[in-house]
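>>> 3D, please:
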Amino acid sequence: HRHQRDRHPAPAPPRSGVVPARARRRPCASAALVATALVAVAAVAPRAEAPPRTAEVGEPGPHTFWLTDTLFGHAQLFDGDTGEMLATVDTGQTLSPKPPFYSRKRHEFYSVEIAYSRFRRGARTDYVTIHDAHSFAVKGEIVLPSRTSESATSIAYAALLDDERFLATFNQFPVASVSIADVERRRFVGTIPIAGCAGIYPLGPRRFASLCGDGTMLVVSLDERGRAASTNSTAKFFDAVEDPVMMSGGRDGERWVFVSFAGMVHEVDFSETPVATTRWSLVSDAEREAGWRPGGKQHVALHADSKLLYAIMHEGEPGSHKQAGPEVWVVDLAKRERVARFEMPNFTAAFLGTTMQLGTDGFVGWLMRTLLPGGGAHSIAVTQDAQPVLLARNEQMGALAVLDARTGELLRMIGEVGLAGTRIEVVP
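All right, here's what the predicted structure looks like:
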C-alpha cells in the first residue's frame, strides 16, 4: 500500500573522546568541557518520530485507471490527467495481477489474490482483499475455496457485476467454473460449472456470459443469493479453429463486441431473445491482402456513448495476433466503417528518456524518437466520459501514452509505470 511518512532522521551522535591528562588537572576546564558535551549531545539526541500518516486518495475521476505489473506483482492506480501515481496494491503471489474492482456504493476496492504457505509452493489460498478506497487500508477478506485462473493477461478472469454486490472469478481447475463472492455480506457463495467456456462478461446486476470453445457464449443468470438460477447458450457465431475471437472485448450495456484474429468484428446483443449476433470485417480486401490485422494483448476498447471501437492494428502473418501494433484504428460501429487511424508514439524513447534521465524533449528526445524503434502498443483502454482519453502501453516498456480519443493527439507520456505488464483498467 502507498504510505507517506514524516520522518526526520537524526544525525549520528559525535564520537566520544578521551579527556587529556592535563585537562583532568584543571577542574574548571574539565567542567566546561563536560557541560559543552552535554549540550551537544542534547542537541543531536533522536527526536520522537511522528506516527506514520496514511495518504488519502480522493474519489476516482473519469480518467483514473489501474496498471498491472507482472514483474513486481502489483497494480498501480494512476491519474490520467496529471500522470501521478495515486496508490499501489500488492496482489499476493499471483503471476498475472488482476486490476482491483471498485464499488462506488461502499467506496471499496476488491483485489483477487493468491498466496502460498511456502512462497511459491505449499498450501495455496485464494482470496479477495477488501481495501478502503481512500486510505487503501485493508478492511477484510473473503477466502475462495476454489482456484482462481491466471493467464498472460487474465482478461475477463474476474468481474464485479453491475449492482456491485457479486464478484465473479474464473477457475480452470479441476474443471472450468465461476466462483461467486458476496462482497456486500463478506462471504463466499458458491461455484457454477461452465464446462468448455472461459471468461466473465457482465450483462447486468445478476447476469454474465462466457466465451465457449464451440463458438457460442454461455449466459448465466443468478438469483438473489448469487446462486445459478439459469444457464443457456447462444447460437454459434465464430469458428474457434479457423478464426477464433480474442478474450479482450468492448462493452456497451448488454452488448459485447469481439474482434477475431483475422479482423472480423462480432457484435453480440444479449438484450434480444434469442441473442442476436452480427459479423463484419474490420479490414478491406486490399488491407487484408497487405497483411493488416489486429494484434496485441488487450487489443480492443469501446466508447459506449459514441459507439466508437478502437483496435490495435499491425501488418503481419497469421499467428501474429499477440504482436504490438504501430496504429490504432477507430471504427464507427453504427456505420461499420473506419473513421480514423492513430499512430502510436515512441514508447521506447519515452521509457529510456525517463529511466536514464535524458529527458524526452529537445534535441535528445527528438534523436531518440528518430533512431529508436517505437515498439507499438500491446494494450489499450478508453475512458467513458464526454472528453474521453485513449490509454496505450507497450508490455515491455515502462511508459504509457495518454491520447485524445477523439483526435488521436498525444496529450502526455507517463514515463514510469512499472517494468512489465499488459493490463489497463479504467475505474468505472
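>>> how close does D182 sit to Y157?
19 Å (CB to CB, to the nearest Å). Yep, even glycine has a C-beta here, placed from its N, CA and C like the rest.
>>> Tell me where the stretch 301-428 of the chain has strands.
With DSSP state E, counting those that start in this stretch as the criterion, the stretch 301-428 of the chain has strands at 308-315, 327-332, 337-343, 379-382, 389-393, 400-404, 410-414, 424-426.
>>> hmm, back to that, quick one, which of D182 and Y157 is more surrounded?
Y157 (23 against 16; other CB atoms under 10 Å).
>>> hang on, the earlier thing: looking at the strands of the stretch 301-428 of the chain, spot the one closest to T148.
Closest to T148 of these, according to CB to CB: strand 424-426, at 16.6 Å.
>>> got a list of contacts for that closest one?
With CB atoms under 8 Å, 6 or more residues apart in numbering as the test, strand 424-426 has contacts from 63-68, 99, 298, 379-384, 391, 393, 400.
>>> Direction included, what does that strand pair up with?
Strands that pair with strand 424-426, judged by DSSP bridges, come out as strand 64-69 (antiparallel).
>>> quick one: the nearest residue to G295 once chain neighbours are set aside and G375, what's the gap?
With CB to CB, 6 or more residues apart in numbering as the criterion, G295 has its nearest non-adjacent residue at 4.2 Å, and that residue is Q323. Going from Q323 to G375 by CB to CB gives 11 Å.
>>> Name the residue in the two with the higher neighbour count.
Shown here are Q323 and G375; by other CB under 10 Å, G375 has more neighbours (22 against 19).
>>> which ones are touching that one?
Going by CB under 8 Å, 6+ apart, the list of residues near G375 reads 324, 346-348, 394, 396-397.
>>> Now for those: which two are most distant?
N346 and Q396 (13.5 Å).
>>> Out of the two, name the residue with the larger neighbour count.
Counted by other CB under 10 Å, N346 and Q396 do not tie: N346 has more neighbours, with 25 against 15.
>>> shouldn't that one be in contact with G376?
No: judged on CB atoms under 8 Å, N346 makes no contact with G376 at a distance of 9.7 Å.
>>> where along the stretch 151-300 of the chain do the strands fall?
Using DSSP E, counting those that start in this stretch, the strands of the stretch 151-300 of the chain run over 158-160, 166-173, 177-182, 187-193, 197-204, 207-212, 217-222, 228-233, 245-252, 255-260, 264-269, 276-281, 292-294, 300-303.
>>> closest one to S151 among these?
strand 245-252 (7.9 Å).
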